[in-house]
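Participant: Need coordinates for the following:
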Amino acid sequence: MNDDPLIARAQQGDAEAYGLLVAEYLRRVVAIAFSIVRNAHDAEDLAQEAFVKAYQSIGRFRTGSPFGPWIGRIVTNLALDVVKHRTKFRHEAIDDTRPASRRDDAELPALRHDLAARIDAALDELPEMQRIVARLHLVEEMDHAEIAALLGLSDGTVRSHLSLARTKLKARLADLYD
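Facilitator: This next block holds a predicted model:
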């Protein structure tokens, strides 16, 4: 999709045009934020903040440039700031709910859930940049160039982080390969 007409209209103050851009990119922006912060509520807040910042800066946006990487970079920077803040101030979620007991014998969905939980936990154990790159590539299916543009890294650095992440994931999940 060519976003240039919508961007031009948004630069002239057309809120409806900007709303169409938001609708087009919202899911991807939330997914990027979630890949970094790992909290759905924070990801939604960051997406909203990113779209507000983008709207405030839309006049400086270069026509002809793709909107997706620009908004992606904004949300990535915001999410990385949140992660840096978290390392300074550790927060722990309080969860007083327990899963409901199962009455059926449907083991396959439970096994799939357990497998997904193990993979998710293994991803969470990776160093920050390896985790972010791995999630963006393996979960969000972004290519190396997209990730490099989002994170402000070279393509080689992205490949290096991804290679290290894969090696650690294979070691951590080695029993799944048997």
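
Participant: Residue 145: neighbouring residues, count only.
Facilitator: For residue 145, the neighbour count with other C-beta atoms under 10 Å is 11. For every residue, glycine as well, the C-beta is placed using N, CA and C.

Participant: could you say which helix or strand contains residue 63?
Facilitator: Using DSSP states H and E, residue 63 falls within no helix or strand.

Participant: Just checking, which helix or strand succeeds the helix or strand harbouring residue 121 along the chain?
Facilitator: Take DSSP H and E as the rule and residue 121 turns out to sit in helix 107-124. Proceeding N to C from helix 107-124, the next assigned helix or strand is helix 128-134, under DSSP H and E.

Participant: Run the chain-centre distance for whatever helix or strand comes next after that next one.
Facilitator: Using DSSP H and E, the next helix or strand after helix 128-134 towards the C-terminus is helix 144-151. Counting by C-alpha atoms, centre = their mean, to the nearest Å, helix 144-151 is centred 12 Å from the centre of its parent chain.

Participant: now stretch 50-65
Facilitator: 20 Å.

Participant: per-residue confidence averaged over it?
Facilitator: For stretch 50-65, mean pLDDT is 92.

Participant: Next: stretch 119-133.
Facilitator: pLDDT averaged over stretch 119-133 gives 89.

Participant: Which helix or which strand is home to the residue nearest in space to the middle of the chain?
Facilitator: For the chain, the residue nearest the mean C-alpha position is residue 32 (2.0 Å; C-alpha atoms, centre = their mean). Secondary structure from DSSP H and E places residue 32 in helix 15-37.

Participant: That helix - contacts with which helices or strands?
Facilitator: helix 4-11, helix 40-57, helix 67-88 (3 or more C-beta pairs under 8 Å, 6 or more residues apart in numbering; DSSP states H and E).

Participant: mind checking how far the longest one is from the chain centre?
Facilitator: When C-alpha coordinates are averaged (C-alpha atoms, centre = their mean), helix 67-88 and its chain have centres 9 Å apart.

Participant: Give the buried residues for the helix holding residue 32.
Facilitator: Buried residues in helix 15-37, counted by 16 or more other C-beta atoms under 10 Å: 17-18, 20-22, 24-26, 28-37.
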